[in-house]
Structures are given as C-alpha cells and as structure tokens.
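Colleague: here is a sequence with its predicted model. Questions after.
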There are 2 protein chains.
Amino acid sequence: MPVSDHAAPAASAVRRGRPGYDQRQILEVAVQVFIDHGYDATSVASLADRLGLSKSALYHHYPSKESLLEVALEEALGSLEGVLVGPEARRGAASERLGVVLRGAIDVLVDKLPYVTLLLRVRGNSDVERRALERRRAFDHEITALVRAAQAEGTVRADIDASVATRLLFGMVNSVVEWYRPDGPESGSELADQVLKLAMDGLRVR
Amino acid sequence: MPVSDHAAPAASAVRRGRPGYDQRQILEVAVQVFIDHGYDATSVASLADRLGLSKSALYHHYPSKESLLEVALEEALGSLEGVLVGPEARRGAASERLGVVLRGAIDVLVDKLPYVTLLLRVRGNSDVERRALERRRAFDHEITALVRAAQAEGTVRADIDASVATRLLFGMVNSVVEWYRPDGPESGSELADQVLKLAMDGLRVR
DNA sequence: GTCTATAAAGAGATAGAC
DNA sequence: GTCTATCTCTTTATAGAC
C-alpha cells in the first residue's frame, strides 16, 4: 500500500515514461473532481473514469477514497501551519507579524489553491474531516491571539472583538478560493496586495 | 403532492394538534441536517430517523430529497433578492444604497441563517443547484454595479477593482454563516454594525 | 499496474395496508 | 398521515486473472 506523505523529492516533476499515473498525479485529479462535484457526491467510479482508469487500478494507488482526502488535507494544513512557524512570523511588532501571517496565508491559498479549497469545504463528516477541522481551529486561535496582541499594541482598532475580526478577516481571505484562478488577470501577489489593502484600510475613501 | 411554495399564511405558527409534522417543520429539520452532514452525505433514511418518521411518511410531505433543497434555496434566494428591490435600495447616492444593501444582506443572512448557509454551500451538482447558482450570480452582479457606481461617485476607493472588492466584501459577509449563532452574545444588528465597520474602514487604527 | 467481475451494503423512491 | 416491505440502482471495496 503506497500513500507516503513526504513531499516530492526535490525536482523530479517529470514522469518516468511508463504507462500509468503516480500518486501525486492521481491526487491532483482527484482533488479537482472533489472540488467540482463535492467530495461526498464524487463516486470512486467517476474518479476512475475521469482518470481513464478502472476502479481497481485506482485502489492500487490509494487504499480508499478517504485516503485521497486525507493526503489532500494534509497538504493544505501543513502549508498553512508552516506560515506560523516562519522566522518573520515570530519576531517583531504584533501588527507586522499579523501582516506577515495574512500575506503568508494568502500565498499558501494561491499556491495550493485546490488543496486549500478542499480543506475549506470540509464539514466534519468523518474522523479524517474532524481532525482537519481541529487543526483549522488551532490555526485560527493563533491568529486571534495575534490580532489581540496588535490591539493591545494600539495598531489594530479595538472597537471590534478580536475573535470576530479574525473570523471576518479570514472569511474574506478564504473566500478567494471561490473565484481566484491563477491563470486570470492578477498574480497571487497582486491579489494579496488588494486583500490586505481592503482588510487594513477598508472600502471607504479616506 | 404538497410542496406549495407560498410563504406561511400570516401568523399561524402554532401546530393544529394532530400527530405529525407539517411541511415547514420538516423543512427546518431537513435543512439543519443538510447543514450538519452536507446535502449529498445526508440520506433520506437518516433524515427520516432524525424526524422520527419512516421514509414513506417523509415522501408523503415532499416528493423527493431534492425538492427539500429546492424549497430551502428559494427561501434564501427570494429573501436576498428582496433586499435589492426595497425602496431604500433604489434611491439616493450609490454609497448609501450600497450600505443599505449590505446591511440588508446581513439581516437576511441572520434572519434566514440556515437557508442562506445551505445556499452558500451549493456547488452546482444538479439543475436545481445550477439554477440557484445562476440567481446568486445575478445578485452579485447587481452589487458589483453598485460598487462601481460608488467608485464613480468618489465615495468608494477606486484602487481596488469593483468586482474584486465586491467578491471580497461578500466573502466577508457570507463567512458569517460559519460561526454566527443567533443565541450567542451579539444580536444580528450588532453583528451588522461590526461587519460594516470593518468592511468600510478596515482593521487598522486611523 | 491494469483489468473484469462481483460482493455486500446503502442509496432514492414506491406499493399498498392501516 | 404513517407504516413495513420491496424495487432498482449505485455505492465502496475486493478477488483474482493478465
């Protein structure tokens, strides 16, 4: 049974000839199908059809439909959690750390768009999903603490509850998965600029 | 076959004795179960169990699982569309109309929380879902036009694309369904205040 | 690494009695 | 208005050949 969870070993993105798919390619297709039709509404048969494989061939690569989900969610959560442990996110004024973390989250969202999209649609229907939700909650709590610290510093307005502000902030950030496409007009960093502008300074003309 | 789509006739919220459920009560339970487990992951059997009914009894009230979804989505979409046709939303400066519409949308979201929650999770898996998505898109386009008009007026900043701003704005607003609970600390109108403050003036201290 | 065939369970929906 | 029993199709997953 395959399903190793390490990152791809450096720069070997090219396929070694051969007939079939490798785990990563299958995962990418599966995640896209999960996004298009919903995880629950996607049957293993339709997944196999989309890959041009039989169900059995697919089961050779992943032991279950849910294992595909699990690996995909790990990809998103691992990257998001990585934003919090970077050096820039751990030193300096709270408002600056908040900016770094927000921009980092948007970068991850853009970089791992399908994986994060899938993560954001998880509702806790199974143990795998509930574990993912738990990690999301932990992530949110760290951001809330950062917002609270920035309020104490006096750099972030204190007339909105830190927890509400964080949820609204990430509601805005996360909604990007609903419409942003990397091949569209704006780059990921331009997008991050616009989101940060709106989040920090609001819609109104000053 | 029942499934009438008119609103409840005035003030008859009380049940007429009798054994079972009426359409509205069944709908409310169904929508909550759809939200908890996802529409696709909810079986008619589990729905019937939750209601304490047999599947057949449930099919007496609604002709299909999807008809429940359809009625629920109509409830959300009709209310949202109603925000755009109110008198306050149709006269005055664009920035004021935008404020009225935003607040109206938040009010609907709070008032019809489960129905709007369900609407926001629809991904276009069937004709019913695709029709709902189409109506959501039309709603969004009207808001975008309003943002554009406010930019032309000079009351809304023009350095963010109107379409991007609208999407981010409603990303923030819509994310409220993920955490707001009417029985919690803040009322719907307090919530609307906080959302509008953050959306209009941003997170940063002035 | 891929296939066909199949098992076993669950899905949405219906029939017909009470 | 509710029930039990059942139909038919689809589901996830496995067996075993190539």
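Modeller: Received the coordinates, thanks. Numbers count the residues shown, from 1 in each chain, chains lettered A, B, ... in the order given.

Colleague: from here on, contacts and neighbour counts on C-alpha atoms
Modeller: Fine.

Colleague: center of chain A, which residue is that?
Modeller: A:Val116 (2.3 Å; CA atoms, centre = their mean).

Colleague: helices or strands up against the one helix or strand A:Ala152 maps to?
Modeller: Taking DSSP states H and E as the definition, A:Ala152 sits inside helix A:127-153. If you count contacts as 3 or more CA pairs under 8 Å, 6 or more residues apart in numbering or on different chains; DSSP states H and E, helix A:127-153 packs onto helix A:65-85, helix A:94-111, helix A:162-174.

Colleague: got the angle for the shortest one vs helix A:94-111?
Modeller: Regarding helix A:162-174 and helix A:94-111, their directions subtend 30 degrees when assessed with axes from the mean of the first three to the mean of the last three CA atoms, to 10 degrees.

Colleague: which stretches of chain A aren't confidently modelled?
Modeller: Chain A contains residues with pLDDT under 70 at A:1-20.

Colleague: circling back: which among the helices and strands packed on helix A:127-153 is found nearest to chain B?
Modeller: helix A:162-174 (4.2 Å; CA to the nearest CA).

Colleague: format the helices and strands packed on helix A:127-153 as CSV; extra columns: mean neighbour count.
Modeller: As requested, these are exported to CSV (neighbours: other CA atoms under 10 Å in any protein chain shown):
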stretch, mean neighbour count
helix A:65-85, 19
helix A:94-111, 21
helix A:162-174, 21
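
Colleague: redo the ones you listed as a markdown table? Include distance to A:Leu51.
Modeller: Output for those, formatted as a markdown table (distance: least, CA to CA, whole Å):
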| stretch | distance to A:Leu51 |
| --- | --- |
| helix A:65-85 | 14 |
| helix A:94-111 | 23 |
| helix A:162-174 | 29 |
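
Colleague: the residue lying farthest from the centre of chain A sits in which helix or strand?
Modeller: Distance from the C-alpha centroid of chain A, by CA atoms, centre = their mean, peaks at A:Arg206 (33.3 Å). Using DSSP H and E, A:Arg206 falls within no helix or strand.

Colleague: try A:Ala192
Modeller: helix A:188-201.

Colleague: and stretch A:60-73 with DNA strand C, contact?
Modeller: Yes. Judged by CA under 7 Å from any atom of the strand, stretch A:60-73 and DNA strand C are in contact via A:His60.

Colleague: near DNA strand D, which residues of chain A?
Modeller: A:40, A:42-45, A:55-56, A:59, A:63-66.

Colleague: ok, and which of the residues you listed reach chain B?
Modeller: A:Asp40 (CA under 8 Å from any CA of the partner chain).

Colleague: mind checking which of the residues of chain A next to DNA strand D land in helices?
Modeller: A:44-45, A:55-56, A:59, A:65-66 (DSSP state H).

Colleague: among the residues you listed, which pair sits farthest apart?
Modeller: Maximum pairwise distance among these (CA to CA): 15.4 Å, between A:Ser56 and A:Glu66.

Colleague: thinking again about what came up before, for A:Leu198, find the nearest of the helices and strands packed on helix A:127-153.
Modeller: Comparing those by their distance to A:Leu198 (CA to CA), the top pick is helix A:162-174, with 9.6 Å.

Colleague: returning to what we had before: and the residue farthest from the centre of chain A, how far from A:Ile106?
Modeller: As judged by CA to CA, to the nearest Å, A:Arg206 and A:Ile106 stand 25 Å apart.

Colleague: how much space between A:Gln32 and A:Leu120?
Modeller: A:Gln32 is 14 Å from A:Leu120, by CA to CA.

Colleague: what's the answer for A:Leu133, then?
Modeller: On the measure of CA to CA, A:Leu133 and A:Leu120 end up 9 Å apart.

Colleague: what does A:Ser187 give?
Modeller: Taken as CA to CA, the span from A:Ser187 to A:Leu120 is 22 Å.

Colleague: and these two? Which one has more around it.
Modeller: Of the pair A:Ser187 and A:Leu120, A:Leu120 is the one with more neighbours under other CA atoms under 10 Å in any protein chain shown, namely 17 against 14.

Colleague: assumed the more buried one was part of a strand.
Modeller: No. Assignment of A:Leu120 by DSSP: H, G, I helix; E, B strand; the rest coil gives helix, placing it outside any strand.

Colleague: give me the angle between the helix holding A:Ala152 and helix A:65-85.
Modeller: Going by the same axes, to 10 degrees, helix A:127-153 makes 20 degrees with helix A:65-85.

Colleague: list the buried residues of helix A:127-153.
Modeller: A:128-129, A:132-133, A:135-136, A:139-140, A:143-151 (16 or more other CA atoms under 10 Å in any protein chain shown).

Colleague: which among the ones in helices among the residues of chain A next to DNA strand D end up buried?
Modeller: Of those, these count as buried by 16+ other CA under 10 Å: A:44, A:55, A:65.

Colleague: up against chain B, what does chain A have?
Modeller: Going by CA under 8 Å from any CA, the residues of chain A near chain B are A:36-38, A:40-41, A:123-125, A:154-157, A:160, A:165, A:167-176, A:194-195, A:198-205.

Colleague: circling back to that earlier point, can you tell me which of the ones in helices among the residues of chain A next to DNA strand D lies closest to DNA strand C?
Modeller: A:Ser56 (3.9 Å; CA to the nearest atom of the strand).

Colleague: can you pull the contacts of the closest one?
Modeller: Under the criterion of CA atoms under 8 Å, 6 or more residues apart in numbering or on different chains, A:Ser56 has no contact partners.

Colleague: what do you get if the cut-off is 10 Å, keeping everything else the same?
Modeller: A:44-45, A:48, A:62 (CA atoms under 10 Å, 6 or more residues apart in numbering or on different chains).
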